[in-house]
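Asker: Build me a structure from this.
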Amino acid sequence: MEKSLKNLPLKYLPLLFVFFSQLTFAQCIATNEQCAPVDEWEFSLAIGAGVLTNPMHGGSNIPLVLIPKISYYGEKIFFENNALGYSVYETNEFSLSAVSLINRENGFFNRWHPSNVFVPVNTGVLNESSPGFDEAMKQDPAIDVSEVANRKWALDAGIQANWFISANNHLKIKVLHDVNNAYNGFNGRLEFSHRFTGFGMANTQWKITTGVNWLSKQQVDHYYGIGEKDTNKPKYYYQGKSAVNPFIKIHSNYRLNNDWRLTFTARIEFLAPAISNSPLVKDKTIETIFLGVVYDY
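Answerer: Residues are numbered from 1 along each chain as shown. Prediction:
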């Protein structure tokens, strides 16, 4: 893990941005630690150790060592890592914005594994020993991501509504469609986050977030479906259906001084059967864990 982020395959960056972006807005509540000054660029760098798991057969887990964050908030326009948006309507309690961001799903399919990238890759094999004949006959068909056609990158755009229920409670709803016609479908997210202090730790703030990701039939089929373009073996054919993936995340920050803070993130997303039943998928969850320090420039 001693290598830097510059060695990480560029095709993995959307995954890092999706899981570690904390999208906020210029009119956020004053007591919220994520409030940002208007018309200023902000930079931070997290240094630590962690992993983002890849649920695909043949997909490698992604080590997390250096995680940059770049953001800008204007009166109406905002940018943060993977997201660009424009606030259409906003008050102290509610905002409605047009947003665009790179869809994360394609990142699970890329398999560039140079020898100098962080740590040895996980080939997706659940155990080192080969199953016996009877056991193998009972297993569902499985196909490696390197054996199927490339999935297109998707640029999603749509609307996002934020309801700041109180200083510590935030509800977010997002509905997006791919604007480059990669999968010709929709996806959405509903999430609720609660911020709190406790556990007898001064200068520490916690946030727990729970919600669901919704993927339309078209998106699931584009990324996780298998057809003639992928293989000439009908036993692998699979047609995707719409999916709802629940998730929960806990995040904490311990302020060391004005520039440095200790951070911890743990997240798990449960894949719907419409995704996990695909021969491409070996796991039923996507997990993220990271512990490190953050320097705010």
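
Asker: what sits against the residue nearest to Met201 when sequence neighbours are not counted?
Answerer: Closest residue to Met201 apart from its sequence neighbours, by CB to CB, 6 or more residues apart in numbering: Tyr254 at 6.9 Å. (Each C-beta comes from the backbone N, C-alpha and C, glycine too.) Listed by CB atoms under 8 Å, 6 or more residues apart in numbering, the contact partners of Tyr254 are 201, 203-204, 261-263.

Asker: Next, format those residues as JSON lines and append pLDDT and secondary structure.
Answerer: Formatted as JSON lines, the contacts of Tyr254 follow (pLDDT from 0 to 100; DSSP: H, G, I helix; E, B strand; the rest coil):
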{"residue": "Met201", "pLDDT": "74", "secondary structure": "coil"}
{"residue": "Asn203", "pLDDT": "83", "secondary structure": "coil"}
{"residue": "Thr204", "pLDDT": "89", "secondary structure": "strand"}
{"residue": "Arg261", "pLDDT": "93", "secondary structure": "strand"}
{"residue": "Leu262", "pLDDT": "95", "secondary structure": "strand"}
{"residue": "Thr263", "pLDDT": "94", "secondary structure": "strand"}
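
Asker: ranking those by neighbours, who comes first?
Answerer: Neighbour counts for the contacts of Tyr254 peak at Arg261, which has 22 neighbours (criterion: other CB atoms under 10 Å).

Asker: does that one really touch Val294, like I thought?
Answerer: Yes - using CB atoms under 8 Å, Arg261 is in contact with Val294, at 5.1 Å.

Asker: gap between the closest residue to Asn103 other than its chain neighbours and Phe186?
Answerer: Leaving aside its chain neighbours, Asn103 sits nearest to Ala154 (3.8 Å; criterion: CB to CB, 6+ apart). As judged by CB to CB, to the nearest Å, Ala154 and Phe186 stand 11 Å apart.

Asker: shared neighbours of these two, anything?
Answerer: Residues touching both Ala154 and Phe186 (CB under 8 Å, 6+ apart) are Gln219.

Asker: more crowded one of the two?
Answerer: Neighbour count, other CB under 10 Å: between Ala154 and Phe186, Ala154 has more, with 26 against 18.

Asker: and the residue lying closest to Tyr237 once chain neighbours are set aside, what are its bridge partners?
Answerer: Distance criterion CB to CB, 6+ apart; nearest residue to Tyr237, sequence neighbours excluded, is Ile226 at 5.5 Å. On the basis of DSSP bridges, Ile226 is bridged to Tyr238.
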